[in-house]
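S.K.: quick one: sequence and predicted model below, then my questions.
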Amino acid sequence: MDKRGNALLSDGSRCIGCFACETACKLEHDLAPDTHPIRAIVTGPLERDGSLVLSFLPLTCAHCETPACVAACLTGAMQKREDGIVFSDPELCIGCQTCAVACPFGVPQLNSKNGKIAKCDGCKDRVDRGLWPVCALRCPTGALLFGSPVRVVQEKRQKEATRVANRLLGVDTST
Amino acid sequence: MVEHYALKRFAGTCKPYDETVRTVCGECTVGCGLLAYLKDKRIVDIEGDENDPVSRGRLCARGIAFHQCLDHPDRIGAMLGRNSLSEPFDSRDDWEKSLDYLAERLRKIRARYGPRSLTIGCDPEAGLDFFIGAMRFARLWGTADVYHPLYATRGIATRPVPAIPFGPRCTDWGKSKCILLVEADLATTHPVAFGRLLDARERGVEIISLDSRFTPTMSKADEVHTIRPDSGNRFALALMKAMIEEDPRVVESAKTLFNRFDDWKCSFDALDFEELERMTGLATGTVEALARHLAAKSPVTVITGKRLSGRDNSAIWSTMALAAGWGERGSGGWYPLDGGLPPFRPFTDIDESDSRRRPAEDGRGLGKDIDESFEMSEDPENPVKALISSGNCLYDFMSTMRGIAKGAELSIHFGPFPNDTTNLAHFVIPATLWPEREAVSFSSDRAIRWAERIIEPAQGLRSGLDFWIGLAQRMADVRHLEWKAYFPWTTKEGAADTRAFYGWLLEQSPLTSGCGVERIIANDGNTPLFWPMGPAAPAAGERNIEPIFLPAVFEPLSRDEERERFPLLYQATRTISRSGDADSFRPFILELEDANAVEIHPDTAAVLGIETGDEILVHGPGETMEASARVSRMVPRWLIWSPRRLGSNCAVVCKKGETREEASRILKEFLR
């Protein structure tokens, strides 16, 4: 995301594939049940060295630096804001799905409720009011972090450093 | 300990609203704090309460979308009646007349067939008040056949309350050195509490998970083991024996704590590891290694799944935690999921006022396991002729009673939505859902909080208590006592006084007595009250504790003759959805769970020629269901899994168009 904007950090080690993020997003944006603006990608269980591995990773729009969907949009509905958020303006969208074809990640989907494109808009209306996007706010395990790129990376580093420090110090966690 | 201070979260809504309600989520037993935003008395947004000490503003998918069903167009809004199951329902608008009619029918059935002719099924969706009301009504009527999938034994005390080494609250799981999860898929059933488990893991707590499927919980564990479904308590018995043999501190501690220590220890000497190995599917060497490992990792918190809590031998976890000393300093112990309801004595007041009644009359039925292996065989001398069911219990935990329902003279369904149980009813009472009721919330952490009603129920919807009081008023002549003695929380107008009910209920347990409902209502929720209010866990050095002995015989988990014809084990557990049927009317939740899917291991599927998406038939001893195959390593080769119940715990699966016998033959050879 643009350096002036915010970042959404997905932590696969805490994601459990519960789809609370997706449910929160669909309610916030009044989407049809079969749209998936954010999705926990489930891989596995796969057998690795005799053990099973099952992993989850929440994925949503990458809000590309040079978004193909914006370039392809026929009506100018798909736009990129100064803070990096790529969104579709429902007033201008005609539901032609050209953006869906152009996107290399298949992010834009048709919202069958209104015949317009549904995609992650970074919860721009909430962010403009200083609020977190609903996916990050509701996530039951804290697998999604939101904030300035520097701050979310710092958060991840601090957490990891705390974990390592406690293990190195041999802290008795029972006290 | 080096602490980490988390990123500040900024919560709020963008939706226009004119009212907020702060309450506790009723979808599961974590008890997440909720903030509901309302506009013109309708919910427009839901968010987690950032000040809630457990959930910290987080919510799961169910907690986010629960309100989608409240004004669903298919919701039952009026009483419905019909004379036979083949007829369509007529709308019966008048509550009083309808109850008059039902009471008259019930009175006739009782006069003709006796008091044992009534059975009541209580789905958790109907609420705790429905269950307690049902038990009181059943007592008034003279039967004890009241069933509930969670509170069969744990919640309702028929014996003195034992000393329980309560496990630490989920906020304190980081104080344990190891967390052992047994048949508890916390990540799926209680995602917000699972966030706390991940926090503990990040602090260095080791996670060990035992389950029959490879669940999302197992995917985050440090060590996993596969066991047979519903065998977790038997694993506990084997582990207890191994701990006695491997850890001399356990023996020393047990010697000081337990009554009849020598007899207790001798009972475990008689345990046949091989028999338990066959039942649990877990090798003896693995159990012994776990015992050694846990001895080095004390204190341990054991989290058991709800399917284990009410079953035979579940109290062995309590004995184990006491003997191992895990509960000392509140750093470990036993944490039964959904076990946060204090043990109530629901008939003490009636017993006091009715000395002629024999207490044993009420023992039957309340302690039964309700699951796939539960079978209701009709007693020819006491045929069930009237059935009152709630939620979708006849297609859930009481699925083996469908045949009885079809032959009943009167079947009443108390539920908010039309479902398969409605189809077996002569009369339907529209029910409220938890956001439309005020209640005391009992969380798995043993927190007691007041859950405010979010919205007023629509005209015509009734709470469970209203229903039972309405019936009891009309059945007054069936017992020698006045009905009011059974429902002392009734208002002058004949309706239920919910606050008085919960105040009364709290007094029925020695662990919550004296708490007072007003104190709970006045509490701001940020620092909830917890039970036990007085000393209930054994104090340090306390002796004369009655331990759980090894049972003399084990009930088989499935019948050998059935396993011959149905060689696969069948497990049905809800994933996203919960009991009742409300999730079928929440489009976003419905989207998340494929109720038609049956998981099959790739090797098992290969020998049967089944691929993902194939139409298959799952045959159980008494039922066959159509499903869609999902080939996955989540299940072991000997197990198939679905969110749907089959009414059996063994099955055979085949592609549509192929024979059950052939599939059975192939599978027996494959699994040998």
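M.R.: Thanks, I have the structure now.
S.K.: helices or strands up against the lengthiest helix in chain B?
M.R.: The residue-count maximum for a helix in chain B (DSSP state H) belongs to helix B:95-113. Applying 3 or more CB pairs under 8 Å, 6 or more residues apart in numbering or on different chains; DSSP states H and E, one finds that helix B:95-113 contacts strand B:79-81, strand B:118-121, strand B:386-390, strand B:410-415, strand B:427-430, helix B:464-474. Backbone N, C-alpha and C define where each C-beta goes, glycine included.
S.K.: ok, 6 Å please
M.R.: In this structure, helix B:95-113 makes packing contacts with helix B:464-474, judged by 3 or more CB pairs under 6 Å, 6 or more residues apart in numbering or on different chains; DSSP states H and E.
S.K.: could you list the low-confidence segments of chain A?
M.R.: For chain A, the stretches with pLDDT under 70 are A:1-4, A:170-175.
S.K.: from the centroid of it, which residue is nearest?
M.R.: Of all residues in chain A, the one closest to the mean position by CA atoms, centre = their mean is A:Thr60, 3.9 Å from it.
S.K.: and that one, what are its bridge partners?
M.R.: Beta-bridge partners recorded for A:Thr60 (DSSP bridges): A:Ile38.
S.K.: surely it touches A:Cys120?
M.R.: Yes. Using CB atoms under 6 Å, A:Thr60 is in contact with A:Cys120, at 4.5 Å.
S.K.: next SSE downstream of the helix or strand in which B:Ser318 is found?
M.R.: When secondary structure is defined by DSSP states H and E, B:Ser318 falls within helix B:316-324. Past helix B:316-324, heading to the C-terminal end, the next element that is a helix or strand (DSSP H and E) is strand B:333-336.
S.K.: so how far is that next one off the chain centroid?
M.R.: How far strand B:333-336 lies from its chain's middle: 16 Å, per CA atoms, centre = their mean, to the nearest Å.
S.K.: which residues are in contact with that strand?
M.R.: B:165-167, B:301-304, B:309, B:317-318, B:321, B:326-327 (CB atoms under 6 Å, 6 or more residues apart in numbering or on different chains).
S.K.: so the nearest residue to B:His4 once chain neighbours are set aside, which of the three states?
M.R.: Spatial nearest neighbour of B:His4, chain neighbours left out: A:Thr162 (4.1 Å); criterion: CB to CB, 6 or more residues apart in numbering or on different chains. Three states are possible here, and by DSSP: H, G, I helix; E, B strand; the rest coil the one that applies to A:Thr162 is helix.
S.K.: so what's the residue count around A:Thr162?
M.R.: A:Thr162: 17 surrounding residues under other CB atoms under 10 Å in any protein chain shown.
S.K.: quick check, it in contact with A:Leu169.
M.R.: No. With contacts counted by CB under 6 Å, A:Thr162 stays clear of A:Leu169, the gap being 10.5 Å.
S.K.: got phi/psi on B:Glu615?
M.R.: Note on B:Glu615: its backbone torsions stand at phi -80, psi 130 [degrees, to the nearest 10].
S.K.: what's across from it in the sheet?
M.R.: Applying DSSP bridges to B:Glu615 gives these bridge partners: B:Ser628.
S.K.: report pLDDT for it.
M.R.: At B:Glu615, the model reports a pLDDT of 97.
S.K.: returning to what we had before: buried residues, the longest helix of chain B. List them.
M.R.: Buried residues in helix B:95-113, counting neighbours by 16 or more other CB atoms under 10 Å in any protein chain shown, are found at B:Trp95, B:Ser98, B:Leu99, B:Tyr101, B:Leu102, B:Ala103, B:Arg105, B:Leu106, B:Ile109, B:Arg110, B:Tyr113.
S.K.: again with stretch B:44-52
M.R.: Applying a neighbour-count criterion of 16+ other CB under 10 Å, the buried positions in stretch B:44-52 are B:Val44, B:Asp45, B:Ile46, B:Glu47, B:Gly48, B:Asp49, B:Glu50, B:Asp52.
S.K.: which among the residues you listed gets closest to B:Arg22?
M.R.: Nearest to B:Arg22 among the buried residues of stretch B:44-52: B:Asp49, at 6.3 Å, using CB to CB.
S.K.: just the pLDDT at that closest one, thanks.
M.R.: Value listed for B:Asp49 in the pLDDT field: 96.
S.K.: try B:Leu481
M.R.: According to the per-residue confidence, B:Leu481 scores 58 in pLDDT.
S.K.: what does chain B put close to chain A?
M.R.: Taking CB under 6 Å from any CB of the partner chain as the measure of proximity, chain B contacts chain A at B:1-2, B:4, B:7, B:9-12, B:14, B:58-61, B:64-65, B:174-175, B:177, B:187, B:191-192, B:195, B:198, B:202-204, B:214, B:216, B:219, B:299, B:331, B:587-588, B:591-592, B:633-634.
S.K.: in helices, which of these fall?
M.R.: With helices defined by DSSP H, the entries of the residues of chain B next to chain A inside them are B:61, B:64-65, B:187, B:191-192, B:195, B:198, B:202, B:216, B:219, B:587-588.
S.K.: can you map out the helices along the stretch 351-500 of chain B?
M.R.: For the stretch 351-500 of chain B, the helices defined by DSSP state H, counting those that start in this stretch cover B:402-407, B:420-423, B:464-474, B:483-486, B:498-507.
S.K.: what's the closest of the ones you listed to B:Gly285?
M.R.: Closest approach to B:Gly285 among the helices of the stretch 351-500 of chain B is made by helix B:402-407 (43.6 Å; CB to CB).
S.K.: what helices and strands are in contact with the closest one?
M.R.: Contact analysis of helix B:402-407 by 3+ CB pairs under 6 Å, 6+ apart lists no helix or strand as a packing neighbour.
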